[in-house]
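Asker: coordinates only, sequence not included:
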């Protein structure tokens, strides 16, 4: 099933260029359009061969790790992408840890006392935050905190890699992780809270209580697990979406992750890079979904049995 | 922390009628939000006949002016009136969201219902097909397609976003329908000899409607946000056509000089989203109570 | 004389509902000794479930007012904090619930649910707790207990699940077991098995049991004493034998008439009690059963009868116009 999906996606990614109006070669070459390049490209991709053969040539290249060489930047696509992935991973990890570490305990508190003061504040707050898209949040944050932003990016990016200076690294990723974490928190908190409230009404919770088990233990060991399914499902989709979907945040705050790279590539009409990122993201999303399906099954074995 | 359900049971046994306080009222805030949305809608439709400044007219003598009697929300860096641009801009948001959701729901919903009801090969094939696309973040695909499908136009955006939303609508409607199709009263109707069409219209549709509407509202909010994101990439409507996303994007470079260009469109967008979310939420809890009493 | 295990005095539980205060349990008093089995019978809405939960202290925390006293081994349950109550829960008193489908955590293995109390409250280590859990599984009649230890509740049938629930309740070796309709959710064929199991265990572990049910057949042979409840109050109580043979309250008669007896000739019509259970929010003055009672007098309708002693020791009933006894005395 997994293989099938990956297969379909490769077909889609490949065929996309033939769907768009215009000569594929021109699209790929973009500004590097010259007869020499064009001839080279035709040979490389076999563009004058039947389409099925083109696909196989393309697939063969992919499997060998050859995503082509950008005609715009003159660097292999894979190299460009490879450098960006760890940054995304780090952003994802930090933001999700923040989001879960706050959402779970707070959802538990609220579920214990629904409509209590904490619950109301959090509900109203998360509701408001839900209605503020990321880009607006950043623009407004900038406006009121006056960080230097919006200047055309010709200078070095503010991102500092982990290897060179881990403190600087954390500093540079702090704001984007925070923004992403808040977005995730809002969603996770609401889902978990609502599921926890439902679970706490179940009789097995009363049964656990009647054994003299402390409230804390009941929350963490008895209530959390059955309530996590929707949360994990959403997390899977969310994290998959973060793979390059955090592009606004990355773009505005100058973090060269996949999203940022994607946007630049679009800006330069660098088709091959775009295609490469689409492919990588697709595979990544599948892997993440697969991983989460596995985790969900561990947490709640009922799902597979039904 | 123990089951409050049995309190309700007890009360149910003792009272013969549902006490009116238990049904969740929609509340005045709900209607305020509805009014706000309607106001925006009216503004978008009637923009041409309302006494607004010309949204495209560039008056270089009043660049980056703050709010005034003449320019209620001030002007942008080309001297255009922000207020009227916001009103005209709402058109983009509304058209994009309604148009693309028309496509998404128009195709995704019937397919979802049909698949959920019929099951069998049709369902397996179609669902696998749809779920494949679901696995991929639609935003990326939308951006990729839109960036290479030039020249830009509102119609193209609507089409691309619309098609991108089909798998998601399909999934939600299909799941909702499956939950209902297995309920006893549907089986009862079938046994009584109702035709498939009749069952779908009379039994399934009314029960899927609340979920569908709820999801529709979420969809509108998502698409509007999407338009904003697209604008940041220059993938929304071409300037000088005003859209909320465009305006916010333009404000980035002149944040210091003209905070108004950032604030007012943001406010317009956020308030719109807030109302949408609130209405969706309220409707959901309202219908939950009704279903429970069934 | 050994002190009583459970002393309930004037216990009342009132719910604060949007439609007004609802007195689910009103002025209930009774005792329970070691090794005794007490039956509490009544229709739905009679307050028997609320009573059992209040006795344990498991009533909902919000919008509920409990007055009176519940002394369990000298410990006062009414008004105690959760932390205090947690000390006795599971170790001195345990409860089993009606629906085995929902009483067990569906995502936790049954072994873990049984030995949780051993590990967490009694500090046993994993292997000792597991061994004891397997013993308990065997005690409740689960075949191949060692393998079943790692099963999930969903893998077991209803009857087996209820056995697991019983094992879980027994793990802490409580002196008092509150069984709230333990067999109502089960197949008729399984019901007898479970009840027999409870009898066995009660003997073996020297436990006292409170059996709450609407089914008179269940309490007939398995309880030594019986309480009959109606509209939240006790309307008759005494030794089971006495109540069955010499009941004075017409409601008790009606209940008995309404339950099938093997000794009846075939095709005997079961007499249903006319009318409906009362609206607890709006109780009529006087005896709550008066509207449905064929023996009701004017006094019954105006003045609520208190419990008065009958001829046999320990037997009392609440009625102005009681049924004549078989021994000839009329009140």
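Answerer: In hand now; what should we look at? What you are looking at is a predicted structure, and each value in this text was computed from that prediction instead of being measured.
Asker: Taking the centroid of chain A, which residue is nearest it?
Answerer: The centroid of chain A falls nearest to residue A:242 when counting by CA atoms, centre = their mean (1.5 Å).
Asker: who's in contact with it?
Answerer: A:88, A:91, A:92, A:95, A:180 (CB atoms under 8 Å, 6 or more residues apart in numbering or on different chains). Every residue, glycine included, has its C-beta placed from N, CA and C.
Asker: Near the third one, how many residues? Count them for me, please.
Answerer: For residue A:92, the count of nearby residues is 21 (other CB atoms under 10 Å in any protein chain shown).
Asker: again, but for the one 5 residues further on
Answerer: For residue A:97, the count of nearby residues is 12 (other CB under 10 Å).
Asker: Wait, a strand at it?
Answerer: No: assigned with DSSP: H, G, I helix; E, B strand; the rest coil, residue A:97 falls outside any strand and is helix.
Asker: What are the boundaries of the helices in the stretch 51-200 of chain C?
Answerer: C:82-88, C:100-103, C:110-120, C:126-139, C:145-148, C:158-170, C:188-205 (DSSP state H, counting those that start in this stretch).
Asker: Direction included, what does the helix or strand following the longest one pair up with?
Answerer: In other words, helix C:188-205. Heading C-terminal from helix C:188-205, the first helix or strand you meet, by DSSP states H and E, is strand C:208-213. Looking at strand C:208-213 with DSSP bridges, its partner strands are strand C:37-41 (parallel), strand C:176-180 (parallel).
Asker: Reformat these as a markdown table; add mean neighbour count.
Answerer: Output for these, formatted as a markdown table (neighbours: other CB atoms under 10 Å in any protein chain shown):
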| stretch | mean neighbour count |
| --- | --- |
| strand C:37-41 | 25 |
| strand C:176-180 | 25 |
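Asker: Let's have these in a markdown table, adding distance to residue B:211 and mean pLDDT.
Answerer: Converted to a markdown table, the strands paired with strand C:208-213 look like this (distance: least, CB to CB, whole Å; pLDDT from 0 to 100):
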| stretch | distance to residue B:211 | mean pLDDT |
| --- | --- | --- |
| strand C:37-41 | 44 | 93 |
| strand C:176-180 | 36 | 93 |
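Asker: and the stretch 1-150 of chain C, which of its residues are near chain A?
Answerer: C:56, C:58, C:82, C:85-91, C:94-95, C:97, C:99, C:102-108, C:116-117, C:120-121 (CB under 8 Å from any CB of the partner chain).
Asker: Of these, grab the buried ones for ChimeraX.
Answerer: Buried members of the residues of the stretch 1-150 of chain C next to chain A, defined by 16 or more other CB atoms under 10 Å in any protein chain shown, are picked up in ChimeraX with:
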select /C:56,58,85,86,88,89,90,91,94,95,97,99,102,103,104,105,106,107,108,116,117,120,121
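Asker: Torsion angles phi and psi at the residue nearest to the centre of chain A?
Answerer: Dihedral angles of residue A:242 (phi, psi; degrees, to the nearest 10) stand at phi -70, psi -20.
Asker: and it, how far is that from residue A:91?
Answerer: 7 Å (CB to CB, to the nearest Å).
Asker: list residues touching both of the two?
Answerer: By CB under 8 Å, 6+ apart, the residues touching both residue A:242 and residue A:91 are residue A:180.
Asker: per-residue confidence at residue 63?
Answerer: Because you didn't say which chain, this covers chain A. pLDDT recorded at residue A:63 is 72.
Asker: actually chain C
Answerer: 84.
Asker: which parts of the stretch 51-200 of chain B sit against chain A?
Answerer: B:128, B:131-132, B:135-137, B:139-141, B:143-145, B:147-149.
Asker: now with 7 Å?
Answerer: Residues of the stretch 51-200 of chain B lying close to chain A (CB under 7 Å from any CB of the partner chain) are B:132, B:135, B:136, B:137, B:139, B:140, B:143, B:144, B:147, B:148, B:149.
Asker: Reformat those residues as a markdown table; add distance to residue A:49 and secondary structure.
Answerer: Shown next, in a markdown table, are those (distance: CB to CB, whole Å; DSSP: H, G, I helix; E, B strand; the rest coil):
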| residue | distance to residue A:49 | secondary structure |
| --- | --- | --- |
| B:132 | 27 | helix |
| B:135 | 30 | coil |
| B:136 | 28 | coil |
| B:137 | 32 | coil |
| B:139 | 33 | helix |
| B:140 | 29 | helix |
| B:143 | 30 | helix |
| B:144 | 25 | helix |
| B:147 | 27 | helix |
| B:148 | 23 | helix |
| B:149 | 25 | coil |
